[in-house]
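Engineer: Give the three-dimensional model of this entry:
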Amino acid sequence: MPDEMPISRRAFTVTTLAAGFALSTQPVAAETITTDAKDLTAGEVKIPVKDGTVPAYRAAPNKGGPFPTVLVVQEIFGVHEHIKDICRRLAKLGYLAIAPELYARQGDVSKLERDGIMKVVSKVPDSQVMGDLDATVAWAKKDGNGDTAKLGITGFCWGGRIVWLYAAHSKELKAGVAWYGRLTAAGKATELQPKFPIDLAGDLAAPVLGLYGEKDTGIPVKDVEAMRAALKKANKPSEIVLYPDAPHAFYADYRPSYKKDAAEDGWTRLQAWFKKNGVA
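Structural biologist: Down below sits the predicted model:
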């Protein structure tokens, strides 16, 4: 019977990762950083989840292990070339870095303009994302040569919010680094995305370093200060850095928003945060 078909046969619209950069991010900026795969094992893998498989990009040193493991959570543009490059950057530092395609059931955003992307993203349940990240950790431990006792997560934009949520969800996570992820609902909480980081400040089970820009028009400074206050009230060892001249997406070297000084400082802080909190 058609209704008895396995959900994996009908619900996954993305079965392989997109090549290159997402259409809506073109043209790619001259400052774009390209990290080679020399001395790395890098490429696409399949992550078993409860209703099928999710494609993911992973990169790790090609010798040794098991390696400290970092989940890399995509921007709204999905797992395109920038996210893959970040995985390789982390692998060069000695990590197993893995980025699952978290919209796999809802749609391929790589060929869409922003309005179309937002329609797909709005259909992605937070509960699904948490489950897929858990499945990615399980894959890393079993098949990826990962040391998940040293587990970190980092994410950008859409993925920055997910970092905060996962730090409240996972009992295995050691630390997270959230790059300019939305902190408050701003009237946009939904049934599928019911809570935001500020709602979960007291529930964080792992410390999060938040990296934000003062000139981010989508995440006002008042939201950042409200999150700082919520963390202080909850007595949580998380921190937020606010860069005075940085806009949203200041780490995205392939976009005009890139701010080299803030990006490099944030990357240095990420490494120190992971080392301080048991991920390295």
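
Engineer: low-scoring stretches of the stretch 1-150 of the chain, by residue?
Structural biologist: Along the stretch 1-150 of the chain, the parts satisfying pLDDT under 70 run over 1-10.

Engineer: need the helices for it, in chain order.
Structural biologist: Counting by DSSP state H, counting those that start in this stretch, the stretch 1-150 of the chain has helices at residues 81-92, 114-121, 126-142.

Engineer: if I pick the residue positioned nearest the centre of the chain, what's in contact with it?
Structural biologist: With distances taken as C-alpha atoms, centre = their mean, the residue of the chain nearest its centroid is residue 73 (1.6 Å). By C-beta atoms under 8 Å, 6 or more residues apart in numbering, the residues touching residue 73 are 99, 102, 133, 153-156, 158-160, 162-163, 166. To be clear about C-beta, it is placed using only N, CA and C from the backbone, and glycine gets the same treatment.

Engineer: Among those residues, which ones are in strands?
Structural biologist: 99, 153-156 (DSSP state E).

Engineer: And residue 111, how far from residue 273?
Structural biologist: Separation of residue 111 from residue 273 (C-beta to C-beta, to the nearest Å) stands at 35 Å.

Engineer: Neighbours of the nearest residue to residue 134 once chain neighbours are set aside, how many?
Structural biologist: Spatially, and ignoring its direct neighbours in sequence, residue 134 is nearest to residue 170 (7.2 Å; C-beta to C-beta, 6 or more residues apart in numbering). As a burial measure, residue 170 scores 19 neighbours (other C-beta atoms under 10 Å).

Engineer: So which residues of this structure form strands?
Structural biologist: Counting by DSSP E, the chain has strands at residues 40-49, 52-61, 67-73, 96-100, 146-156, 175-179, 208-213, 239-243.

Engineer: just checking, residue 174 touches residue 205?
Structural biologist: No: under the criterion of C-beta atoms under 8 Å, residue 174 is not in contact with residue 205, lying 9.9 Å apart.

Engineer: which of those two has more neighbours?
Structural biologist: residue 174 (23 against 14).

Engineer: which stretches of the stretch 151-280 of the chain aren't confidently modelled?
Structural biologist: For the stretch 151-280 of the chain (pLDDT under 70), the answer is 187.

Engineer: mind listing the helices for it?
Structural biologist: All helices of the stretch 151-280 of the chain, identified by DSSP H, counting those that start in this stretch, fall at 158-169, 221-233, 260-276.

Engineer: Pick the most buried one from the ones you listed.
Structural biologist: The highest mean neighbour count among the helices of the stretch 151-280 of the chain belongs to helix 158-169 (a mean of 25), with neighbours defined as mean count of other C-beta atoms under 10 Å.

Engineer: helices or strands up against that helix?
Structural biologist: On a contact count with 3 or more C-beta pairs under 8 Å, 6 or more residues apart in numbering; DSSP states H and E, helix 158-169 meets strand 67-73, helix 126-142, strand 146-156, strand 175-179, strand 208-213.

Engineer: just so I know, which of the ones you listed lies nearest residue 186?
Structural biologist: With C-beta to C-beta, the closest approach to residue 186 among the helices and strands packed on helix 158-169 belongs to strand 208-213: 14.8 Å.

Engineer: Okay, now the sheet partners of the closest one, with direction.
Structural biologist: In the sheet, strand 208-213 lines up against strand 175-179 (parallel), strand 239-243 (parallel) (DSSP bridges).

Engineer: I'd like the strands of the chain laid out as TSV, including distance to residue 189.
Structural biologist: Below are these laid out as TSV (distance: least, C-beta to C-beta, whole Å):
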stretch	distance to residue 189
strand 40-49	25
strand 52-61	25
strand 67-73	19
strand 96-100	24
strand 146-156	19
strand 175-179	18
strand 208-213	19
strand 239-243	21
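
Engineer: wait, which of those strands is closest to residue 279?
Structural biologist: Per C-beta to C-beta, nearest to residue 279 of these: strand 146-156, 3.7 Å.

Engineer: could you say what helices and strands the closest one packs with?
Structural biologist: Packed against strand 146-156, as judged by 3+ C-beta pairs under 8 Å, 6+ apart, are the following elements: strand 67-73, helix 81-92, strand 96-100, helix 126-142, helix 158-169, strand 175-179.

Engineer: before we move on, back to that, please work out which of the strands paired with strand 208-213 is packed deepest.
Structural biologist: strand 175-179 (a mean of 29).

Engineer: now that one against strand 146-156, angle please.
Structural biologist: 20 degrees (axes from the mean of the first three to the mean of the last three C-alpha atoms, to 10 degrees).
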